[in-house]
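Visitor: Coordinates for the following, if possible.
(chains A, B and C)
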Amino acid sequence: MSERTPRICCLDLDTFFVSVERLLDPSLVDRPVIVGARPGQRGVVLAASYEVRPMGVRSGISIIEATRLAPDAVFVPPRMNTYGGYAQRVRAVLERYTPCVQTASIDEFYLDFHGCDTMYRRAHDPDDDAALVRVLHEIRAAIRAEVGLPASAGVGCTRPVAKMASGLAKPNQIAAGDSDRPWGSGVVLVPAGAERRWLGELPLRRFPGIGPAAEKRLVDLGLATIEDLLALPPGRILNQVRAVRGNVERAFESETPDLGRDRPAFQEYDPLGGTIGSISNESTFSSDLSDPRQVEQRLLGLVERVCWRARKRCVFARTVTLKLRYGDFHTVERSCTGAASAEDTEVMRRVRLLLRRAWTRRASVRLLGVGLSNLVGPPRQLELPYDECQRSASIAVDQVRERFGFAAIRRGRVEPRR
DNA sequence: TCTGGGGTCCTAGGACCC
DNA sequence: TCTGGGGTCCTAGGACCC
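Guide: Predicted structure coming up:
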C-alpha cells in the first residue's frame, strides 16, 4: 500500500501588495486599486485588486493599458521595502503549525504536513484530510487576525497540485466542474487519486511550468486542457510535448511523493535565509540613453547597489553579468568569470569591458542591468584580488549605509557635461 | 510611449583535460 | 595520425515564476 497522501500545502496571500496597501491606507478598502508604476510612466501592473480584474487588468500588463481599461482605479506606487516584513510575520504564524515551511516567493509558502495527522486529528473530523482542511482554515483565520491579510491554501500530494489547488481556493473563482467541489472557499484539498478528475479540465496554462511558449506549442497541436495532454495516445506524443507531459504525470500520479521533486527543496531549506544564487539590479530608463557617459554613470550606480548587497550578505562574485536592452527591446547579456570580488571598482572595471562587447549596435539603450553570480564566501586573506585601500573604503562606506541607508553615500560621478 | 524587476532553472555549444 | 568518450567549466539565451 502506498503512502500517497495529500499533505503538501501551498499557501499564498491574496492580491498581496494591494492587501498591504489597504492595511496602510484603509481608504483603499473596497476601491479599485492597482499597484505599479504611476500612470504615464514606463512600467507594468504589479498587483490588481479583485475590483479591476473583470475589466481585464492583470499583473504584467503595461500601465498604459491598465489606465485605458480601468481609468477610475487608484494607482498606488509599490513600497517594496515594506512588503517583506508582512511576509515574515505570516511565516512566523505558519511555523507554529509545522516546522517544515518554505518561502517560495514574497507572497507564497509551501508547508509539509507529513507526520502531523495525529497532532491535528479531532474526534469530530470525518477523516485526516478533513482535519487538515479544518486546520488550514484556522491558519487563514490566524493570519487574518494577527497580520491582517487574506490568504488561500491548496493541498495535494505534490507541489504542483497544491499550487493549482491554492489558485482554485481563491475568491471569485469561476465555478467549474461539480458543485460539490470547494472552489473559492479559501482551502482546496485535492484527494489522492482525484487529480485528473478535479484538475484535468483546467486550461494548460494553469499547470505550473507551462508558460506562454509551452502553451503555444501545445495549442498548435490542438490541445486545450490538461486532460487533453494526458489523454494523448502514445503514438502522438512528440518530443516537444514529452517533457511537459512527464511533469504533469509525475505531479498527478507520483506514487512516491516523499522522494519526488518536491521533497529536496524542503530538506535543503536553510532557516538562516537559504542560499543565494545571484544578486542583480536593473533599471529601465524613462527615456532611452544614447550618451556613453550617461550609460557609464547608470552602470556605476547599479554596480554600487549590487556590490553593497553582496557585501551585506558576505558573498563575493566570481561571475559578473551585464545586461543591455536596446530601444527596440532586443536584449543581450555578456558575462565574465574570474577572481571573486564584491568591490565596486573591480566589478565596474569588468562591467566596462563587458559593455564594449555588449553595446555593439548604434542604437540607444532602454535598460541596463548588472548581475553577480557564482557566489562564494569571503576570499582568504592571501587571495584578496583587490587592494587594501579599496577594501577599507568599502568598509567605511558600508558602515555609513548601515546607519543611514544606501542612498546616504554615493560614489563621485563621471563629470557631468556642461 | 506596449512590454518592470527580482530571481531560478535548463539547454546547447565550445574549450579543455584525462 | 585517427578515433572516441566522459566530465567540468564557461557563455549566451530562453522559459518561467511572482
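
Visitor: pLDDT value on A:G369, please?
Guide: Looking at A:G369, its pLDDT stands at 98.

Visitor: and what of A:L230?
Guide: 95.

Visitor: With the one 10 residues further on instead?
Guide: Note on A:Q240: pLDDT of 76.

Visitor: ok, how many other residues are close to it?
Guide: 13 (other C-beta atoms under 10 Å). For glycine as for every other residue, the C-beta is placed from the backbone atoms N, C-alpha and C.

Visitor: in chain A, which spans are strands?
Guide: Ranges of strands in chain A, per DSSP state E, are A:8-13, A:33-36, A:45-48, A:74-76, A:101-105, A:108-112, A:151-156, A:187-189, A:278-289, A:316-326, A:331-341, A:365-376.

Visitor: Lowest mean pLDDT across those strands, which one is that?
Guide: When those are compared by mean pLDDT, strand A:101-105 comes last with a mean of 92.

Visitor: Show me the shaky parts of chain A.
Guide: A:1-2, A:174-179, A:255-274, A:380-387, A:413-418 (pLDDT under 70).

Visitor: ok, now with 50
Guide: Along chain A, the model assigns pLDDT under 50 to residues A:1, A:257-273, A:382, A:414-418.

Visitor: one step back: take the strands of chain A and write them to JSON lines, including distance to A:R309 and mean neighbour count.
Guide: Shown next, in JSON lines, are the strands of chain A (distance: least, C-beta to C-beta, whole Å; neighbours: other C-beta atoms under 10 Å):
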{"stretch": "strand A:8-13", "distance to A:R309": "25", "mean neighbour count": "26"}
{"stretch": "strand A:33-36", "distance to A:R309": "23", "mean neighbour count": "25"}
{"stretch": "strand A:45-48", "distance to A:R309": "21", "mean neighbour count": "23"}
{"stretch": "strand A:74-76", "distance to A:R309": "26", "mean neighbour count": "19"}
{"stretch": "strand A:101-105", "distance to A:R309": "18", "mean neighbour count": "16"}
{"stretch": "strand A:108-112", "distance to A:R309": "22", "mean neighbour count": "22"}
{"stretch": "strand A:151-156", "distance to A:R309": "29", "mean neighbour count": "27"}
{"stretch": "strand A:187-189", "distance to A:R309": "37", "mean neighbour count": "25"}
{"stretch": "strand A:278-289", "distance to A:R309": "5", "mean neighbour count": "15"}
{"stretch": "strand A:316-326", "distance to A:R309": "11", "mean neighbour count": "21"}
{"stretch": "strand A:331-341", "distance to A:R309": "14", "mean neighbour count": "16"}
{"stretch": "strand A:365-376", "distance to A:R309": "8", "mean neighbour count": "20"}
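
Visitor: Please name whichever of these is nearest to DNA strand B.
Guide: Nearest of these to DNA strand B, taken as C-beta to the nearest atom of the strand: strand A:278-289 at 3.3 Å.

Visitor: near DNA strand C at all, that closest one?
Guide: No. Residues of strand A:278-289 contacting DNA strand C under C-beta under 7 Å from any atom of the strand: none, with a closest distance of 10.3 Å.

Visitor: that older thread, so which of the strands of chain A is nearest A:R134?
Guide: strand A:187-189 (8.7 Å; C-beta to C-beta).

Visitor: Can you give the contact residues for the closest one?
Guide: A:6, A:129, A:132-133, A:136-137, A:140, A:152-156, A:165-166, A:168-169, A:181-182 (C-beta atoms under 8 Å, 6 or more residues apart in numbering).

Visitor: Show the residue spans covered by the helices in the stretch 101-250 of chain A.
Guide: Listed in chain order, the helices of the stretch 101-250 of chain A (DSSP state H, counting those that start in this stretch) span A:117-120, A:128-146, A:159-169, A:195-199, A:212-220, A:226-230, A:239-253.

Visitor: Compute the distance from the centre of the third one to the centre of its chain.
Guide: For helix A:159-169, the distance from its own C-alpha centre to the chain's C-alpha centre is 16 Å (C-alpha atoms, centre = their mean, to the nearest Å).

Visitor: Of the helices of the stretch 101-250 of chain A, which is nearest DNA strand C?
Guide: helix A:212-220 (3.1 Å).

Visitor: All set now, cheers.
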